[in-house]
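> Give me a 3D structure for the following:
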Amino acid sequence: MADDALVIFTPSGRRGRFAEGTTVLDAARALGVDIDSVCGGRGICGRCQVTQGLGEFPKHGITSEPGHLSAFAALEASYRDEKGLAADRRLSCTAQVCGDVLIDVPPESQVHRQVVRKGLDVRTFTVDPVVRLHYVEVTPPELASPTGDLARLFEALEREWQLTGLEADLDVIRALQPALEAGKYGVTVAVHRAHQVIAVWPGLHETAYGVAIDIGSTTIAGHLANLADGAVLASNGVMNPQIRFGEDLMSRVSYAMMHPAGAGEMTAAVRKALDGLIASLAMRAGIKRVEILELALVGNPIMHHLVLGIDPTPLGGAPFALATDRAVNTTAAELGLRVHPGARVYVLPCIAGHVGADTAGVILAEEPHLAERLTLVVDVGTNAEIVLGDKRRLLAASSPTGPAFEGAQISGGQRAAPGAIERFRIDPATLEPRFRVIGVDAWSDEPAFAAGIADTPISGICGSGIIEVVAEMFLAGIVTEDGVIDGGLATRTPRIVPDGRTFSYVLHAGDDANAGDDTGRTSPGIAITQNDVRAIQLAKAALYAGVRLLMDQLAIDEVDEIHLAGAFGSQIDPTHAMILGLIPDCDLAHVRSAGNAAGTGALIALLSGAARTEIEGVVRRVEKIETAVEPRFQQHFVEAMAFPHKTAAFPHLAAAVALPVRVATTDAATRDARDERRRRRGVAIASRDDG
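From the prediction side, this is the model:
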C-alpha cells in the first residue's frame, strides 16, 4: 500500500492512496470528492475537468510533478480540438495517476457548486438540482436473454451510476426503444430525485433547464436557468391577467364566491399566462421549451390555490383555512404547461392563510432564520408579507395595504413604466419640485430633461414616486403630521390649489396641446390630492400596524435590520419610507433592498434539493400572527396614521433628517373623535381586504 500514489484533492482537502493507473475521476469517487460528469467517464461531456497542482507542497507533504499524471491522451486531444480545453486542464476521467499528485477541482467542475447571484440579490447558495443527466451504454437485446429494454436501462444505471430502485414515466417507456436504436444503445436519461426517470435522449445530451416563477397578484416574474450550473439565461415578467377579476386578492375570492365557474376562469387565466411567460423565457434564452425539465413556483395563498386548481373561497373568511400548507410536487402537464412531458413542478410550502409560498421564498432568500440580529423583512405589495426574527425565533404575518403603493387609487398613479415619475424632491424654501421619470436619466431641473421627455413624455406617478412625493410634502410642511394638505400655503406657491373642500399639490402642470415634440405628444397635469394622501396614510398605517404586532410578540421596540423586498419594495428609498412611517425606526445604514426576494427564493429552490428540505423545515417553526383577529391591530393602525407616527420615537431618522416640529393643532376631544373615526375606517379596510 505504501507504494501506491498519494492523491490530494483541493479545495476539499480529501486524500487517499491509489494504485498507479487509477483515473483521477475514480479516485475522486472513491473519496467522495465532488466532480461532475454526465457521460460516466467516457471523455465526451467535458464536465469533469481538473487542474494539476505542480511543485512542492510542504503543507500536504508531497511533490506533484508533471509526470505524476499520464500523458495527454488521444481522447483529451479529440475533446480539445472539438470543444476546447484549456492548456492547464485535464479530463479527470482520462488522466491516470502515476505518482503523488495534487488535483484542484475548479468550481465549474463541481456538482454542488457555490453560486453568487448578484443581479437577483441572491445570497451564495449551492447548486444541487433534483434533476440529473446520466449517459449510459445499454446492453443490446439478445434472443437468448429476453430482458426488456427498460430493465436493461435500469441495470446500466445501477452499474454505471449506482442508481437503484428506479421507476420510469410512461412517456419514457414509449420513447425508449427509438432512442436506443437512434443512439446505438447509448442514451442520456434525466433522473428526478435519483428515483424517477423522466426523459430519455439518444446519444449524449448535456443540458437541462428549469424555470422559477413568482406568481404575484399584479405581476408574474420568471427566471430560466441552466440546472447544471445555475446560470440564469433569461428573465421576464408579465401582468397577471386575473386582475380583470379584481385588483386585490379578496375581490378575486369574492368573484369565485359569486360565480360558480369563477375559480376555474381565474385558474385558466393564470395558467395561460404562465405558459406564455415560459414560452417567452425559452425564446429569450434561445432554447426549446421541451428542454425545460423542472419548475419551482411561489405565490401568496390565493395565487397558490388558484394555479393548482384549488378552491380559494375558504381563504376569504376566518379561520382562513389552507387546503395544504405543505410543499406540493406535481407535473407540468397537470398544470397545462407546455414544456417537456416529464417536467416536474415544485411549489414551495405556505405558512398560513394569508402568508403564502411567496413568503417562504423570501425566507429562503433572505435567511432571517439564520440571522444573529433581529431582522425585519417586508415584501411590499397589494398585501404586505412581514417576517420578523432571528435564528432563535421567527414570526410572520400579512397586512392589507391595498393597491395604493402600486399606483392604484391614486389620481395620477400608474404602474412603473417609461414616463412615470419615480423620484421626487421639494425645495422647502420655494416649495418648487424637481423629479425624475423612468426612462430619462436627467432630473427635471437639468438641461437634458427636456430632450429626454420628448421621447418619453411624463405620464403619471408610480409607487416609489408616490412615497417620495408624500414624504417630501411632509418635510416641506405642505402636509401636516395628520396628513392634511395645508391650504394656507397657497399664498406662497401657485402649486397648492383648491380642490373642492380640500387642496391639491401640483407636481407637473402638463403641456398645452401641441406643445410637445413634433409627434404632438403631450404630458398630462399631475397633482397629489388630499384623497391621495389619505390612501397612502391608510396603506402605510396597515403595514406599520402589522409590523408592530410582530414586535409586540417579541417584546421589542426596535429592530436591527430591515430588508425591503418585492418589485415595488426594492425601488423604495429607505429614508422616504421611514419618513412616512412605512417602516419602524432603524439605523438607515441597516435598511436595504432585497429585490424580488420571493422570486429569488423560487430560484434557489429550483436549483437546490437541499434548499427545499431546508425551507420545508423552517416554515414548520414559523409563528403565524393573524392580523385580522388581533384587537391591537386597530390601536396600532390609528397611531400609525400620523407622519411618521403619532407616538413612536424615530431617533435614528431624526439624526439623519430634519423632521418638522410636532405641534398640537387640535384639542383632546377633537383628537379622540378623529381617532375613533380612523379606527372605524381601519376596521372597514381590514374587513374588506382580509375577508
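
> And stretch 435-446, what's buried?
By neighbour count, with 16 or more other Cβ atoms under 10 Å as the criterion, the buried positions of stretch 435-446 are F435, R436, V437, I438, V440, W443, S444. Where you see a C-beta, it was placed from the backbone N, CA and C, and this is true even at glycine.

> show me what contacts the fourth one?
Each residue near I438 by Cβ atoms under 8 Å, 6 or more residues apart in numbering is listed here: A416, A417, P418, G419, A420, E422, T456, C462.

> which stretches of this protein aren't confidently modelled?
1-2, 112-124, 247, 403-404, 406-408, 511-524, 567-568, 663-691 (pLDDT under 70).

> Spatially central residue in it, please.
Relative to the mean C-alpha position of the chain, the nearest C-alpha, by Cα atoms, centre = their mean, is the one of G599, at 1.7 Å.

> from what I can see, that residue looks like it's in a strand, true?
No - counting by DSSP: H, G, I helix; E, B strand; the rest coil, G599 falls outside a strand, being helix.

> tell me the contacts of it?
Residues touching G599, when contacts are defined by Cβ under 8 Å, 6+ apart, comprise L120, A212, I213, D214, A221, G222, H223, V298, G361.

> and the second one, what are its bridge partners?
Beta bridges link A212 to H223, A296, judged by DSSP bridges.

> is it true that it touches A598?
No - look at A212 against A598 with Cβ atoms under 8 Å: they stay out of range, at 9.9 Å.

> Compare the two (neighbour count), which wins?
Here A212 and A598 are set side by side on neighbour count (other Cβ atoms under 10 Å), and the busier one is A598, at 34 against 29.

> The more buried one is in contact with L297, isn't it?
No - with contact defined as Cβ under 8 Å, A598 does not count as touching L297 (10.4 Å).

> circling back: would TSV of the contacts of G599 with distance to A429 be doable?
What follows is those, written out as TSV (distance: Cβ to Cβ, whole Å):
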residue	distance to A429
L120	42
A212	49
I213	49
D214	44
A221	42
G222	47
H223	47
V298	47
G361	46
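
> Filter the residues you listed down to the buried ones and hand me the ChimeraX line.
Below is the selection syntax for ChimeraX that covers the buried ones among the contacts of G599, with 16+ other Cβ under 10 Å defining burial:
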select :120,212,213,214,221,222,223,298,361
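
> Just say helix, strand or coil for V50.
Reduced to three states by three-state DSSP, V50 is strand.

> next one: I243
Under three-state DSSP, the three-state class of I243 is helix.

> mind checking how far the nearest residue in space to it that is not next to it in sequence is from L204?
Once its chain neighbours are removed from consideration, I243 has its nearest residue in T218; the separation is 6.6 Å (Cβ to Cβ, 6 or more residues apart in numbering). T218 sits 43 Å away from L204, going by Cβ to Cβ, to the nearest Å.

> Surely R271 forms part of a helix?
Yes - for R271, which was evaluated using three-state DSSP, the result is membership in a helix.

> From C586, how far off is it?
40 Å.

> Comparing these two, which shows the higher neighbour count?
Neighbour count, other Cβ under 10 Å: between R271 and C586, C586 has more, with 20 against 17.
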